[in-house]
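I'll drop the sequence and a predicted model, then ask my questions.
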Amino acid sequence: MTTESFAPSRGRESIDRVVIRFAGDSGDGMQLTGDRFTEVSAAFGNDLATMPDYPAEIRAPAGTVAGVSAFQVHISDHDISTPGDSPNVLVAMNPAALKASIRDLFPGATVIVNIDAFEQRNLDKAGYAQNPLEDGSLDAFTVYEVPMTSMTLEAAKETGAKPRDAERSKNFFALGVLSWMYARPIEPVIEWIEKRFADKQIVRDANLAAFKAGFNFGETAELFQHAFEIAPAVLPKGKYRNITGNLALAYGLLAASQQSGLDLFLGSYPITPASDILHELSKHKSFGVRTMQAEDEIAGIGAALGASFAGQLGVTTTSGPGIDLKSETIGLAVSLELPLIIVDIQRGGPSTGLPTKTEQADLLHAMFGRHGEAPVPIVAAKSPGHCFDAALEAARIALKYRTPVFLLSDGYLANGAEPWRIPEVSELPDLRVEFTTEPNHDGDFWPYLRDPETLARPWAIPGTPGLMHRIGGIEKEDGTGNISYDPDNHEHMVRLRAAKVAGIAKDIPLIEVDSVEGSRVLVLSWGGTWGVTHAGVYRARARNRRVDWAHLMHLNPFPANIGEVLAGYERVMVPELNMGQLAKLIRMDFDVNVVRLNKIKGVHFRAAEIEACILELTEND
Amino acid sequence: MTETNGHAEPVKLARKDFQSDQEVRWCPGCGDYSVLAAVQFLLPELNVRPENTVFISGIGCSSRFPYYMETYGIHSIHGRAPAIATGIAVSRPDLDVWVVTGDGDGLSIGGNHLIHALRRNVNLTILLFNNQIYGLTKGQYSPTSELGKVTKSTPFGSIDHPFNPVSLAIGSEASFVARTHDMDRKHMMEVFRRAYEHKGGSFVEIYQNCNVFNDGAFEAVTARDARADMVIDLKHGEPIRFGKDGDKGVVATELGHLEIVDVASVGDDRLLVHDESRPDPTLAFALSRLADSPTTPTPMGVFRAVDRPVYGDAMNAQIASAQERQGKGELAALISSGATWEV
């Protein structure tokens, strides 16, 4: 597996691999755009190979496939000798450019189109019978429709350029967008434009305005680099589609609703990078889904918790800043012991931080971010497609144990796409729940009389005769649920709630170790670093290093065998996109020698970084 | 809601059927007791079933209310009751959902949820106990305390301008807004009944006496012998007049400003006729501004009662219409939509 991760910081930061193709009409300045991007990347310390592709005919008609001019650049952190076969990103300035290149793309690639050029005349010239942006033929790709021409004209308004001349600056707009997505420095391009067009002031200003506008558009529209590539491994047989993490997560929630027989209620407030889940679920009213765009994060989770009390599958979706605001309600859900799914699509923090960049820095927040003793189970997705399974697992735990559950994803998984084997509905877990309908204690109903096995309390929903009860955030008497300030009862209840969550360990799979003979080092990953860790481990093994690898999907509680597994290694390497949060949790509970590999740059690890750390740890093995 | 909330059985319920087994623990003499009694007397008259009734509260003295009701209920967290209640009301239109809140819970920490629940017109009956003080935390000023009020947190007098809860509710696009007070059970029951029967978000401000931290705050208006001259009883379709002999009335001056006048000096014909159903909220708002503080003649009763689409109904109608159009959602079809390929 390879992964691309451009680092935005100084120095010889580099990437694993990305192939970008700029394609447009021969008059669109694609060669120049590609050149600039290449130049900046080279100055950045990347190895690269480029492939200009001019139209064969010097004067091919504008707007036709024959007239398409393209420039492909392959950027990598290791030696490369070819410009790459299949672009990860295609920038198409018009329909003809799209048509000429789309067949070269694998599912999952990103396509950025100049939507302004997709008018009937151009579609006709390119030979499209239907608009490919509307007929579903691009479903396998992540498509960004960017109004490049009109935004360029708007940006160049002040420069005095005539609209027809200003339009020619749109290639710089495209360059600006790509520079944002791949965190390229903008100063060299600005300097270049200033020098190159020094004697053509209006052209210079229009190009500068367009370039900056493109860069700012990327930031404002919060475009993500689409960077999820999967290993060219042997895939299991089945029917596949391309899927992003957020789409898979939304589908997983729908599946959980169907499998539990409960209507889905989503209370949410828009926030990057989680909003797409709200958008997606809002489409599926035919599934009985209720989505509510609440007045704030607090109301989103409040309404979801109310819906849970009323017998729905209550869900709230957000990112770190939203979790801050929801903490109090999560604590209430712990106390009420009602099922609730809290989805955190992690992004760079603290505060507003890096809304469009990825990080794994909310683990301890999920684990401890509430006052009092308030344990909450945590499930983390490991790849875009796995968000589907993780959502089902979060729902399973929430419903079975009557508890709020954290489902952690991140910006990288959310926006990244991968081929996903579409599961058969018959393979999905049975999540049916039984509401309590009869008194459970001498003709009375005791809302906190627990199931001795799971320690879950009964779920009796409003509308059920004879089971009227009141619950609240004040400490409750064990069994009756009545308000209790009794000291012994409080300690008992705190321990019961902790034991309930801890007991889930009996109900989740044991850790599986991907092991080789004689390893003394274990790599322990969690969440979205699964793919790149896999790549790093296998690269190290290819160099004859003995290293084992395990990945955690359940972060609270840990799988039951974790202590036993960890005890078998001299060193445990924990790669994380944070300051070492899983490493802290591990050190809290287990006496192991933990080696941290941390990256806090808003981008993913590169396989090479994981590999390098393993090589260092296994040097004498 | 004009009908019962379903499952009506022939057995007529009584107040005791809505009383839980929990001991009521408000301070002796607290106004909350009379509000509780009014609700418990009213529910049997409404022919509702305890199991189809839900009380949601936040934090504060009044928020203990659900514990005393033999219904479903949540005593939640500070200010969030309208949000939690919204989730219940929209997902379970078969239930009657009441929100019990106070001036601190509903107007301070939870102000945002209150205004948005009213704006959306969620089918909730919201009772706001206004005692102009924080009682549970033992005597700090609240967002309805008058300017200059000396409390534990304002030893030199409050410098916060207070909210007028009725004005706020009208400004929040509430479709039903009323005021009543804890000294008149009959009036409370009538106003609560109207609020319950209204489809959508109903907001009732209750002048409620905190006899420990703010005793007598509303006495000038609500005391038995003061009421005739101080309570302006709003009656839909009737000229607005009050006073022992109906000698005072309300007239509209230019610019929509309202004024209290001697009826004799202007003549009956000039009196403003109350119209709670006017789509335009200007009149209701002007009425709410008639009394700045409970020391001058104060309108009581229903300020505004208009019909507009109910949030939960609209949400459920979209679902029903989608299901009618497309049939019930098919998971297998959905997840394999778009471009697929075989491996």
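Received, thanks.

what about the top helix by length along chain B, near chain A?
Determined from DSSP state H, the single longest helix within chain B is helix B:311-326. Yes: Helix B:311-326 lies within reach of chain A by CB under 8 Å from any CB of the partner chain, at B:315-316, B:318-319, B:321-323, B:325-326. For every residue, glycine as well, the C-beta is placed using N, CA and C.

in TSV, list the residues you listed along with distance to A:Val334, neighbour count and pLDDT.
Listed next are the residues of helix B:311-326 next to chain A as TSV, based on distance: CB to CB, whole Å; neighbours: other CB atoms under 10 Å in any protein chain shown; pLDDT from 0 to 100:
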residue	distance to A:Val334	neighbour count	pLDDT
B:Met315	28	19	98
B:Asn316	30	17	97
B:Gln318	33	14	98
B:Ile319	30	17	98
B:Ser321	38	12	98
B:Ala322	35	19	97
B:Gln323	35	15	97
B:Arg325	40	9	96
B:Gln326	38	13	94
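
and which of those residues is nearest A:Arg541?
B:Gln326 (50.0 Å; CB to CB).

that closest one touches A:Gly288, doesn't it?
No: with contact defined as CB atoms under 8 Å, B:Gln326 does not count as touching A:Gly288 (11.9 Å).

in space, what's closest to A:Thr437 - neighbours in sequence excluded?
Nearest non-adjacent residue to A:Thr437, counting by CB to CB, 6 or more residues apart in numbering or on different chains: A:Thr464, 5.7 Å away.

now do B:Ala220
Nearest non-adjacent residue to B:Ala220 (CB to CB, 6+ apart): B:Thr295, at 5.0 Å.

which of the residues of helix B:311-326 next to chain A sits closest to A:Glu427?
Nearest to A:Glu427 among the residues of helix B:311-326 next to chain A, with distances taken as CB to CB, is B:Gln326, at 24.7 Å.

about what we covered before: what's in contact with the longest helix of chain B?
A:285-286, A:288-290, A:292, B:86, B:89-91, B:93, B:120-123, B:200, B:329 (CB atoms under 8 Å, 6 or more residues apart in numbering or on different chains).

from the chain's centre, how far out does stretch A:192-210 sit?
Averaging C-alpha positions (CA atoms, centre = their mean, to the nearest Å) puts stretch A:192-210 38 Å from its chain's average.

check which element follows the least confident helix or strand in chain A by mean pLDDT along the chain.
Within chain A, no helix or strand scores below strand A:47-53, which has a mean of 61 by mean pLDDT, DSSP states H and E. Of the helices and strands lying after strand A:47-53 in sequence (DSSP states H and E), the nearest is strand A:68-76.

which elements pack onto that next one?
strand A:17-25, helix A:30-43, strand A:47-53, helix A:95-101 (3 or more CB pairs under 8 Å, 6 or more residues apart in numbering or on different chains; DSSP states H and E).

what lines up beside that strand in the sheet?
Sheet partners assigned to strand A:68-76 using DSSP bridges are listed as strand A:17-25 (antiparallel), strand A:47-53 (antiparallel).

name the residues of it that come out as buried.
A:68-76 (16 or more other CB atoms under 10 Å in any protein chain shown).

the inter-axis angle of it versus helix A:30-43?
10 degrees (axes from the mean of the first three to the mean of the last three CA atoms, to 10 degrees).

close to chain A: what parts of the stretch 51-200 of chain B are there?
B:51-56, B:66-67, B:69-77, B:80, B:82-92, B:94-95, B:112-113, B:116.

and if we set it to 7 Å?
B:51-52, B:54, B:66-67, B:70-77, B:80, B:83-88, B:90-92, B:94-95, B:112-113, B:116 (CB under 7 Å from any CB of the partner chain).

now list the buried members of those.
Buried, going by 16+ other CB under 10 Å: B:51-52, B:54, B:66-67, B:70-77, B:80, B:83-88, B:90-92, B:95, B:112-113, B:116, out of these.

and the pLDDT at residue 77?
Since no chain was named, I'll use chain A. Confidence at A:Asp77, expressed as pLDDT, is 58.

not quite, I wanted chain B
At B:Ile77, pLDDT is 98.

quick one, phi/psi of it?
With angles defined as degrees, to the nearest 10, B:Ile77 sits at phi -120, psi 170.

the strands in the stretch 51-200 of chain B, which residues?
B:53-57, B:72-75, B:96-102, B:125-130, B:133-134, B:140-141, B:176-181 (DSSP state E, counting those that start in this stretch).

point out the most buried one among the ones you listed.
strand B:96-102 (a mean of 30; mean count of other CB atoms under 10 Å in any protein chain shown).

residues of the stretch 401-550 of chain A that sit close to chain B?
So the stretch 401-550 of chain A meets chain B at A:422, A:425, A:462-465, A:468-474, A:482-483 (CB under 7 Å from any CB).

which members of the residues you listed are classed as buried?
Buried among those (16+ other CB under 10 Å): A:422, A:462-464, A:468-473, A:482-483.

sketch out the low-pLDDT regions of the stretch 51-200 of chain A for me.
A:51-60, A:76-85 (pLDDT under 70).

what parts of it come near chain B?
Near chain B, when you scan the stretch 51-200 of chain A using CB under 7 Å from any CB, you find A:107, A:136, A:139-140.

turn the residues you listed into CSV, columns for secondary structure and neighbour count.
Shown next, in CSV, are those (DSSP: H, G, I helix; E, B strand; the rest coil; neighbours: other CB atoms under 10 Å in any protein chain shown):
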residue, secondary structure, neighbour count
A:Pro107, coil, 18
A:Gly136, coil, 12
A:Asp139, coil, 14
A:Ala140, coil, 24
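
wait, does stretch A:258-272 contact chain B?
Yes: judged by CB under 7 Å from any CB, stretch A:258-272 and chain B are in contact via A:258, A:263, A:265, A:267.

widest-spaced pair of those?
Going by CB to CB, the pair spanning those furthest: A:Gln258 and A:Gly267, at 19.8 Å.

and the two? Which one has more around it.
A:Gly267 (33 against 22; other CB atoms under 10 Å in any protein chain shown).

pLDDT score assigned to that one?
98.

looking at this, it is in a strand?
Yes: counting by DSSP: H, G, I helix; E, B strand; the rest coil, A:Gly267 is found in a strand.

quick one: it from A:Leu340, how far?
10 Å (CB to CB, to the nearest Å).

overlap in contacts, the two.
By CB atoms under 7 Å, 6 or more residues apart in numbering or on different chains, A:Gly267 and A:Leu340 have these common neighbours: A:Ala304.

just for chain B, where's the confidence low?
Looking at chain B by pLDDT under 70, you get B:1-10.

contact partners of stretch A:295-306?
A:265-269, A:292, A:294, A:314-316, A:318, A:322, A:325-326, A:329, A:332-333, A:338, A:340, A:342, B:80, B:83-88, B:112-113, B:116.
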